[in-house]
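In: Task: produce atomic coordinates for the following.
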Amino acid sequence: MNIEHSLDMVANIKGAFAAAIVDYDSGMSLGSRGGSPEFDLDVAAPGNSEVVRTKFEVMEKLGLREGIEDILITLDTQYHLIRPIRGNNEEKLFFYLVLNRAQANLAMARRDLRVIEQQFYMAAPGVKSGRPSPGGDSQAFFPANAGR
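Out: Numbering: from 1, shown residues only. Predicted structure coming up:
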């Protein structure tokens with residue numbers, strides 16, 4: 001599964017307002033969807049990279065040998081969901097998803113993002129070449145989204 005296809009799937013999650021795949025080492029966004037003039041993903045991506053780096057540093061200092069499943073930041077009208085992408089230790093990437101609280105189902109969004117993250121590196125050679133993974137149709141993963 002490639003970056004563009006993954007972002008399309010993340011943007012298809014109910015209540016999604018903005019989405020990005022971010023390199024938390026550099027803070028650079030590798031691709032994004034959504035946002036608005038009031039919500040600049042070019043500002044949010046590096047800022048949340050700091051959150052991810054800091055959390056990993058604290059875990060290391062505490063001697064925790066666990067992976068981060070996700071980081072949730074809850075605002076009055078939004079959920080900000082950060083999910084590190086596992087599967088390739090050379091790349092330090094995370095999904096960043098901003099949800100409208102009034103429209104989103106947080107539990108379903110977390111599940112959908114987990115499935116997308118798991119598929120991201122499943123066909124590792126396809127990631128480098130940009131080939132979509134077999135069965136890469138987003139509706140195969142989220143049939144409930146067909147009517148949205």
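In: going forward, measure contacts between C-alpha atoms and count neighbours the same way
Out: OK.
In: center of this protein, which residue is that?
Out: F95 (1.8 Å; CA atoms, centre = their mean).
In: Tell me the buried residues in the host helix or strand of that one?
Out: Per DSSP states H and E: F95 is located in strand 93-100. Buried positions in strand 93-100, judged by neighbour count with 16 or more other CA atoms under 10 Å: 93-100.
In: got the contact list for E50?
Out: 24, 27 (CA atoms under 8 Å, 6 or more residues apart in numbering).
In: What is the three-state secondary structure of it?
Out: Recorded secondary structure, E50: helix (DSSP: H, G, I helix; E, B strand; the rest coil).
In: Next, work out how far apart it and K14 are.
Out: 27 Å (CA to CA, to the nearest Å).
In: Also G31?
Out: In terms of CA to CA, G31 sits 19 Å off from K14.
In: Have a look at those two and say which one is more surrounded.
Out: K14 (19 against 14; other CA atoms under 10 Å).
In: does A18 sit in a helix or strand, and which one?
Out: Counting by DSSP H and E, A18 is part of strand 16-23.
In: That strand pairs with which strands, parallel or anti?
Out: Strand pairing for strand 16-23, using DSSP bridges, gives strand 29-34 (antiparallel), strand 93-100 (antiparallel).
In: Could you tell me the least trusted of these?
Out: Across those, strand 29-34 has the smallest mean pLDDT, namely a mean of 93.
In: Any buried residues in that one, and which?
Out: Neighbour count says strand 29-34 has 29, 32-33 buried, by 16+ other CA under 10 Å.
In: Pipe those into CSV and attach distance to L72 per row.
Out: Shown next, in CSV, are the buried residues of strand 29-34 (distance: CA to CA, whole Å):
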residue, distance to L72
S29, 19
S32, 19
R33, 19
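In: Give me the below-cutoff pLDDT ranges for this structure.
Out: 1, 88-89, 123-148 (pLDDT under 70).
In: Try it again at 80.
Out: By pLDDT under 80, the low-scoring segments of the chain are 1, 87-90, 121-148.
In: what about the helices in the chain?
Out: Secondary structure of the chain (DSSP state H): helices at 3-11, 41-62, 106-120, 124-129, 138-141.
In: gap between the strand holding A18 and the chain center?
Out: 6 Å (CA atoms, centre = their mean, to the nearest Å).
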